[in-house]
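> compute the structure for the input listed below.
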Amino acid sequence: MTVDDDENQRCYLDIVSYNMHGFNQGISTVRDMIMLFKCPIFLLQEHWLAPFNLYRFNDDLPADYLCFGSSAMGSCIESGVVRGRPYGGVMTLVHKSLQKCTQIVCSDERFVIVIGNALIVNVYLPCSGSENRLFTYQEVLENITLWIDHYTDKAVIFGGDLNLNLESRDVFCDLN
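This is a model prediction of the structure:
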């Protein structure tokens, strides 16, 4: 990925996006990718952690990364006993070498936006069969668009799990 910096020079930024399919299942792969790729930014989706367990990213990953993320489990936990499989949650890891020029803009249940020389959007959108899928898609994309419109001077890097088959032409492909 290339991004124009403040002096209109091109710089290169490596980014990895990975769906963890649960923290316990994916954390060892994330650690391996950090050691192997040494990327400055990782976009992670579906960690399935409750809000009070997000600290596990800091505890289980190298201290070289800042963790910006959210849980999608808050409303489930607030309503009582969690039944069924957990879902969602996004986390953006940013190498501490970028700490001085990086800050979180927005953290929502389905997306996290971090700003540096570019606006980096990490999103997890609902999969086929999800209740109110179209409404959720529209709402998330509208909220992200508001942030993008607020930072018109920044390039946008959009990644994550869109839960789309781009080869099929359906209403969800037309939204993106």
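> in which helix or strand does the spatially most central residue of the chain reside?
Nearest to the mean C-alpha position of the chain, by CA atoms, centre = their mean, lies Asn122 at 2.8 Å. Following DSSP states H and E, one finds Asn122 within strand 118-124.
> so in that sheet, which strands flank that strand, and in what orientation?
strand 111-115 (antiparallel), strand 155-161 (parallel) (DSSP bridges).
> could you give the mean pLDDT of that strand?
For strand 118-124, mean pLDDT rounds to 96.
> isn't the residue nearest to the centre of the chain up against Thr92?
Yes. Between Asn122 and Thr92 there is a contact under CB atoms under 8 Å: 4.7 Å. C-betas here are computed from N, CA, C, even on glycine.
> now for those two: what residues contact both?
Taking CB atoms under 8 Å, 6 or more residues apart in numbering as the contact rule, Asn122 and Thr92 both touch 43-44, 112, 114.
> can you list those in CSV and add neighbour count, pLDDT and distance to Tyr65?
Shown next, in CSV, are those (neighbours: other CB atoms under 10 Å; pLDDT from 0 to 100; distance: CB to CB, whole Å):
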residue, neighbour count, pLDDT, distance to Tyr65
Leu43, 26, 98, 12
Leu44, 28, 98, 11
Val112, 27, 97, 14
Val114, 25, 97, 12
